[in-house]
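1. Next input, structure requested:
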Amino acid sequence: MKNFVREVLASLLALVFGFWILYQVTLAGLGGPPLLTLPERAILVLGPDLLVGDAGDQPSTAAMALEGAPRVLALRKVVAALDAAAERDAFVGLLLVDGGPRVSGWAQRFELRDALERFRDRGKHVWAQADSWDEASYLLGSVADEIAIGPLGWFEWNGFSAKRFYFADLLDRLGVRVQVVKVGRYKSAVEPFLRDDMSPEAREQLAAYLDDLQAEVEERVAEGRKDLEPGDFAALRLGDGFLTAEDAVAGGWVDRIAARGDLIGDLASFTGWDDDLDSFRQVSFLDWYDRSGWEPPLARHEGGGPLVAVVYAEGEIVDGESEDQVGGETLARRLRALLHDDDVDAVVLRVDSPGGSAAASEVILRALVELDQAKPVVVSMGSLAASGGYWIACRARLVLAEPTTLTGSIGVFGLLPDVSPLLDEIGIHVDGVTTGPHADLLSPYRSRSDEELAQVQGFVDAIYELFLDHVSEGRGLARERVAEIGGGRIWSGVDAVELGLVDRLGGLDEAIAAAAELAGAEGDHYRVEGLEAAPEPWELAVWSWLGGPPQPVAALPPSLRAACRAVLDGVGAASRSAPRPPVLARLPFHLEVR
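-> Purely as a prediction, here's the structure:
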């Protein structure tokens, strides 16, 4: 008991101390951390402490205190900050340490790689070091003039894999049935509840996507390694797949064996010694981003020109309001606000979503169509723009995707679980009263009749027909053709362009430039306004004073942290207690490529 009281008191003191820190920072009138002074011949350092996502994510003070939540920077701003650093004569090079930043998806990783290439092409020297290399880190590292690997590391080039769990056998043992309604031969989201293995259709579409992704990655890394061809990487993948550090150097995959500490002398000789740190003259990217006062090219901020607004649809599409995911009403309201904003001349909708609620997708699409009738809307697809994510994109004025974007999945499904066999087995019985024969149609405590399943199937079919109509009208394709390439099948960005589902390949910057051109811009004479997450100046001051993210502002003792987390989880569970609509336009699986 004494220990408990002591820990609670310590927790309260920690909270009081945290608020006192914020109070003192406010009283001191700090508008942010002090501006950064760049040393001459500096090297910009990017490591895994840099997290990059589409819109970025600034965790709340509470989340940082409870969990040490990391700070994720917006891709567009990271790319702009890199471009701005490339223009500064003080920077003579860049170091990717420990494989470089952690990036949310493959499309984002390709855009970041393009920015690193531009930095190098400005005459800057680029180094890359990691204890070991794999496909994801090497895609960035292959930009470097010199690649180092740790003495005991390995070089991994063994191909991509994507696995799924299948629960049919488990559900059968538990006494849980799942009744399914769907449209689309390739719409395999329901398979884990009905099968114990992957269907031929699911295997076909997933293999085709991974092949396209693999080919694009191998082509790009070969561009960086002048003495290697894409076929060399393919041969390694189909052969051993792993190399020791010595063999990686001998084969030309990397340039030298060196731990991070082994590079310090070389980097110091290149830049000059930093006497205070007894190291080379270095500037962390986060310091450059937060404290240098960098700005994107002036042509996009001053002197007039059309204003392009960038809006994000990142995460699963859900009904109603949501900031953590893509709330249908939330995003539609933002689009309607841009419709009535006379200062905005064009809009880019950045989509990185596997889809979700069909009803919410329709709400968003209607707002997008209304906006596009007044001013041009361009969609930029990230790593995912599938099913509902493609639904909200298909009627934009122009649609751009990365070669590795996973898109399409034009299909609809619904899941109707039935746990009554499990309840019977353990002796729990459900009974009640209804005022209509189908009042409890969505109840998980009974099975649906054939008549009821047919009723729901008709609802799903109608939604699918509407999906086909949207794609046909938005993409200028015959409805029969849309039905052929639909059916729930996923496509890569490369295939989507050939099929007419996407207009052309390009990243977020290309989409912004295209939107500006549609709005009448001359060259780079346009402005950009984004809705990316950004910290307040006082947050930057606190982070700077306490050592910067991802350290929490105030760390709570484990017992109190667990108690607070339990309360928050309870609130979250309560908010999810309402029945979820049974019909979804969602990617057939949560895809994590390894």
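2. can you pull the contacts of the residue nearest the centre of the chain?
-> When C-alpha atoms, centre = their mean is applied to the chain, the residue found nearest the centroid is residue 104 (4.2 Å). Residues in contact with residue 104 (C-beta atoms under 8 Å, 6 or more residues apart in numbering) are 52, 53, 54, 72, 75, 352, 383. Quick note: C-beta positions are derived from backbone N, CA and C, even for glycine.
3. Please work out which helix or strand belonging to the chain has the smallest mean pLDDT.
-> helix 558-575 (a mean of 41; mean pLDDT, DSSP states H and E).
4. Who does the next helix or strand after that helix pair with, and is each partner parallel or antiparallel?
-> Per DSSP states H and E, the first helix or strand lying C-terminal to helix 558-575 is strand 583-586. According to DSSP bridges, strand 583-586 has the following sheet partners: strand 355-357 (antiparallel), strand 412-418 (antiparallel).
5. closest to residue 442 out of the ones you listed?
-> Residue 442 sits nearest to strand 412-418 of all the strands paired with strand 583-586, at 7.2 Å, using C-beta to C-beta.
6. Just the CA trace of the next helix or strand after the closest one, in CSV.
-> Using DSSP H and E, the helix or strand that directly follows strand 412-418 along the chain is helix 420-425. In CSV, the C-alpha atoms belonging to helix 420-425 read as follows (Å, rounded to 0.1, in the frame of the first residue of the first chain):
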residue,chain,number,x,y,z
SER,A,420,-24.9,-18.3,-31.9
PRO,A,421,-23.2,-21.8,-32.2
LEU,A,422,-20.5,-20.5,-29.8
LEU,A,423,-23.1,-19.2,-27.3
ASP,A,424,-25.0,-22.5,-27.5
GLU,A,425,-21.8,-24.4,-26.8
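7. Of the contacts of residue 104 - the most surrounded one?
-> residue 75 (30 neighbours; other C-beta atoms under 10 Å).
8. tell me how far the ends of stretch 488-507 are from each other?
-> One end of stretch 488-507 sits 25 Å from the other (C-alpha to C-alpha, to the nearest Å).
9. ugh, typo on my part, it should be stretch 483-503
-> End-to-end distance for stretch 483-503, by C-alpha to C-alpha: 19 Å.
10. List the buried residues of that stretch.
-> Using 16 or more other C-beta atoms under 10 Å as the test for burial, stretch 483-503 gives 483, 485-497, 499, 501-503.
11. Out of these, which sit inside strands?
-> Mapping the buried residues of stretch 483-503 onto strands (DSSP state E) picks out 490, 491, 492.
12. In helices, which of the buried residues of stretch 483-503 fall?
-> Within the buried residues of stretch 483-503, residues falling in helices by DSSP state H are 483, 485, 493, 494, 495, 496, 497, 499.
13. Which of those sits closest to residue 311?
-> For those, the nearest to residue 311 is residue 493 (20.5 Å; C-beta to C-beta).
14. need the contact list for that closest one.
-> By C-beta under 8 Å, 6+ apart, residue 493 lies in contact with 107, 381, 401, 402, 403, 404, 405, 407, 502, 505.
15. could you dump those residues to JSON lines with pLDDT, secondary structure and distance to residue 229?
-> JSON lines is the format used below for the contacts of residue 493 (pLDDT from 0 to 100; DSSP: H, G, I helix; E, B strand; the rest coil; distance: C-beta to C-beta, whole Å):
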{"residue": "107", "pLDDT": "94", "secondary structure": "helix", "distance to residue 229": "24"}
{"residue": "381", "pLDDT": "97", "secondary structure": "strand", "distance to residue 229": "29"}
{"residue": "401", "pLDDT": "97", "secondary structure": "strand", "distance to residue 229": "26"}
{"residue": "402", "pLDDT": "95", "secondary structure": "coil", "distance to residue 229": "23"}
{"residue": "403", "pLDDT": "96", "secondary structure": "coil", "distance to residue 229": "19"}
{"residue": "404", "pLDDT": "95", "secondary structure": "coil", "distance to residue 229": "20"}
{"residue": "405", "pLDDT": "97", "secondary structure": "coil", "distance to residue 229": "25"}
{"residue": "407", "pLDDT": "97", "secondary structure": "strand", "distance to residue 229": "29"}
{"residue": "502", "pLDDT": "98", "secondary structure": "coil", "distance to residue 229": "28"}
{"residue": "505", "pLDDT": "97", "secondary structure": "strand", "distance to residue 229": "22"}
